[in-house]
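**Student:** turn this into a structure:
(one chain, ligands or ions: 1)
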Amino acid sequence: METRVTKLLGISCPIIQGGMAWVAEHHLAAAVSEAGGLGLIGGANAPGEVVRQEIRKAKQLTDKPFGVNVMLMSPYAEEVAKVVVEEGISVVTTGAGNPERYMDAWKRAGIKVIPVVASVALARRMEKYGADAVVAEGYESGGHIGEQTTMTLVPQVADAVSIPVIAAGGIGDGRGVAASFMLGAEAVQIGTRFVVSKEAVVHENYKQRIIKAKDIDSAVTGRSHGHPVRCLRNKMTREYVKLEQEGKTFEELEYLTLGALRKAVQEGDVDLGTVMAGQVAGMITKEQTCKEIIGEMMDQAFELMGRGMLR
Ligand code: TUI
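**Tutor:** Okay, here's the model as predicted:
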């Protein structure tokens, strides 16, 4: 399937992997790119040199294009912003903030810049600053989220900008891909389903928590201090939400989440760790290779769109 996004990125399937903290490392990024999508290395809270090594390892696993996600709330965002230029990365996505201050340097280096946005206002602003596309990410997503649902955000962003829109949040199979295209998107970003891929170096407990999750099993922590994060309900989220209701400040709550994502992803502590996942967790039933995931999603999307719903 060819769209402005596949042409822009030089990929064969309009599927971009989410730049998930701790999960989006070189094995996953390379596997998604090898399967025809765009793999991403998640900069997350890692120092520039760690991201540089991840980039170099991914280059050894694939000749296909892959990108880097720069998490703008990271204390190392500036370092990572330089590393992507030095390492000749061709596409950067950004999350959890406004990347304006880096965009000039990235554009001068010929990097395609795709900010993740959660509002029409930021999408418009990013287009003005030279973004090549935007990811419109809805509230159904895992991790740091905005307030708009994917169903409402994607068409409003698509109406507001001329650059291509990539839909994210709540897309777990080919039905979601087809629906996204109907909302005006020209590609999708997939996170949670790739967490449960064979190539994702993620603790088995984490993958099993997603596989066993039901539709209502995620919770949003951090609303009270303006940094809402969606993860699967557990001892940590129950304690967090209880303390938030008691009026505790961000600083008082921080101890609960410091290192908690690593604890879940690497050590498999899915009770006290942060198990970030989107609302699609309830429809993910098995571990598959990235190639199987992309193949299945595209086949199902094609079948649905071929029924005359889109073309
Ligand atoms: O960035 C994400 N998802 C993430 S980042 C992350 S790491 C983290 N861990 C703990 C706490 C916080 C972060 C885990 N998941 N998605 C992209 C995204 N960006 N979603 C929403 C936004 C966003 C929200 C507000 C982007 C910009 C924004 O406003 C910027 C502005 O200045 O208007």
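**Student:** where's Trp106, which helix or strand?
**Tutor:** According to DSSP states H and E, Trp106 maps onto helix 100-108.
**Student:** brain fart, Ala167
**Tutor:** Using DSSP H and E, Ala167 falls within strand 165-168.
**Student:** partners of that strand in the sheet?
**Tutor:** The pairing partners recorded for strand 165-168 under DSSP bridges are strand 134-137 (parallel), strand 187-190 (parallel).
**Student:** quick check: which of those is nearest to the ligand?
**Tutor:** Distance to the ligand, taken as Cβ to the nearest ligand atom, is lowest for strand 134-137 among these, at 4.8 Å. For every residue, glycine as well, the C-beta is placed using N, CA and C.
**Student:** hmm, that closest one in reach of the ligand?
**Tutor:** Yes. Strand 134-137 lies within reach of the ligand by Cβ under 6 Å from any ligand atom, at Glu137.
**Student:** and whatever helix or strand comes next after that strand, what does it pack onto?
**Tutor:** Counting by DSSP H and E, the element after strand 134-137 in chain order, helix or strand, is strand 143-144. When contacts are defined as 3 or more Cβ pairs under 8 Å, 6 or more residues apart in numbering; DSSP states H and E, strand 143-144 packs onto strand 229-232.
**Student:** chain neighbours aside, what residue packs nearest to Val84?
**Tutor:** Nearest in space to Val84, with sequence neighbours left out and distances taken as Cβ to Cβ, 6 or more residues apart in numbering, is Val68 at 5.0 Å.
**Student:** and the pLDDT for the one you found?
**Tutor:** Looking at Val68, its pLDDT stands at 98.
**Student:** got the angle for the helix or strand where it lies vs helix 100-108?
**Tutor:** Applying DSSP H and E as the criterion places Val68 in strand 66-71. If you take axes from the mean of the first three to the mean of the last three Cα atoms, to 10 degrees, strand 66-71 sits at 160 degrees to helix 100-108.
**Student:** residues of the stretch 101-250 of the chain that sit close to the ligand?
**Tutor:** By Cβ under 6 Å from any ligand atom, the residues of the stretch 101-250 of the chain that approach the ligand are 116-118, 122, 137, 143-146, 227, 229.
**Student:** and which of those residues is nearest Lys248?
**Tutor:** Distance to Lys248 across those (Cβ to Cβ) is lowest for His227, with 13.8 Å.
**Student:** circling back: tell me the two of the residues of the stretch 101-250 of the chain next to the ligand that are most distant?
**Tutor:** Farthest pair in those, by Cβ to Cβ: Leu122 and Val229, 18.6 Å.
**Student:** quick one: name whatever helix or strand follows the strand holding Ala167.
**Tutor:** Using DSSP H and E, the next helix or strand after strand 165-168 towards the C-terminus is helix 174-182.
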